[in-house]
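Engineer: need a structure here:
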Amino acid sequence: MAKAKMAKSNKKPSSEKGPEPVPVEKTAFERVQLARHPDRPYTMDFIERLFEEFVELHGDRRFADDPAIICGLARFHGLPVVVIGHQKGRDTKQRSYRNFGMPKPEGYRKALRTMKLAEKFRRPILTLIDTPGAYPGIDAEERGQAEAIAYNLREMAKLKVPVIVTVIGEGGSGGALAIGVGDQVMMLENAVYSVISPEGCAAILWKDSNQAERAAAGLRLTAQNLFQEKIVDQIISEPPGGAHTDYDQAARFLDSALSERLAEAVSCSQEVRLAKRYAKLRQFGRWGTA
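Structural biologist: Here you go, the predicted structure:
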């Protein structure tokens, strides 16, 4: 009975508020898991919510169409734009069709063909990155996977129209970079961007993919890390719990960021914009630990 009274006397009145909960910072690997969440919004989910009059373009005019990359013409708040992004699948059939969001050379060539159309008709380019990496199969290598990626990097650096890049999920190595050269690069709060997956890094360094959590911390692949390193220009907030919890809210956050960055890019003259892009690319990387 005494214990019961003590417990009751220690209880706070219902009107009294306790201390505010302290937000717990997510680890790098927790953000990797959120970036890979199977219900996370993909490129088509954002296209449906942010763009009007979207018309998809298909094929690289050399070999085939690659469903792992979506390309098309659209309007963003009335402004004609071109949208390019990786697309994963929701179910087994779609994942197989989209090759799990891993493009082949024809995907990158389709993307570049669409970018050249954007340049011809003076339309800004918006790219959405979400891929574990370029497809490493022998058929892709035979058709020039590395050359297709390298060619895109060179040509994107020279595009005369504004290019706004957003990492919405996974940004894996050259597979992401091939549509990732732009005037502005943004990342969703729980997106990741890295030269290699944590599992791949762990397998190379420690011969043990179970060390992926340790590798993720060392790779500094989160949006917060990359913003500190000036690799990305802006971190876009997500709904509490991650973008997969509320597609509409995630789209509103992305819409606001894209509007701001696109207005900034469009306001510059072509010469100034290209000079800024060149300077931005030249300053990547640091030597030493200072």
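
Engineer: okay, CA-based contacts and neighbour counts for the rest of this
Structural biologist: OK.

Engineer: Where do the strands of the stretch 101-250 of the chain begin and end?
Structural biologist: Taking DSSP state E, counting those that start in this stretch as the criterion, the stretch 101-250 of the chain contains strands spanning 125-131, 163-172, 184-188, 192-194, 234-236.

Engineer: Give me the helices and strands touching the last one, please.
Structural biologist: Meaning strand 234-236. Judged by 3 or more Cα pairs under 8 Å, 6 or more residues apart in numbering; DSSP states H and E, the packing partners of strand 234-236 are strand 184-188, helix 223-228, helix 247-267.

Engineer: got these as TSV, with distance to Lys104, mean pLDDT and mean neighbour count columns?
Structural biologist: Shown next, in TSV, are those (distance: least, Cα to Cα, whole Å; pLDDT from 0 to 100; neighbours: other Cα atoms under 10 Å):
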stretch	distance to Lys104	mean pLDDT	mean neighbour count
strand 184-188	23	96	25
helix 223-228	26	94	18
helix 247-267	27	95	17
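
Engineer: In a markdown table: these, plus distance to Leu57.
Structural biologist: Below are those laid out as a markdown table (distance: least, Cα to Cα, whole Å):
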| stretch | distance to Leu57 |
| --- | --- |
| strand 184-188 | 24 |
| helix 223-228 | 31 |
| helix 247-267 | 22 |
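
Engineer: right, and the ones you listed - which one's nearest Arg123?
Structural biologist: Of all the helices and strands packed on strand 234-236, it is helix 247-267 that lies closest to Arg123, at 10.1 Å by Cα to Cα.

Engineer: which element follows that closest one toward the C-terminus?
Structural biologist: helix 270-282 (DSSP states H and E).

Engineer: Quick check: which helices or strands does that next one pack against?
Structural biologist: So helix 270-282, by 3+ Cα pairs under 8 Å, 6+ apart, packs with helix 145-158.

Engineer: ok so, going back, quick one: closest of the strands of the stretch 101-250 of the chain to Glu52.
Structural biologist: strand 125-131 (13.8 Å).

Engineer: quick check: angle from the closest one to strand 163-172?
Structural biologist: Inter-element angle recorded for strand 125-131 and strand 163-172: 0 degrees (by axes from the mean of the first three to the mean of the last three Cα atoms, to 10 degrees).
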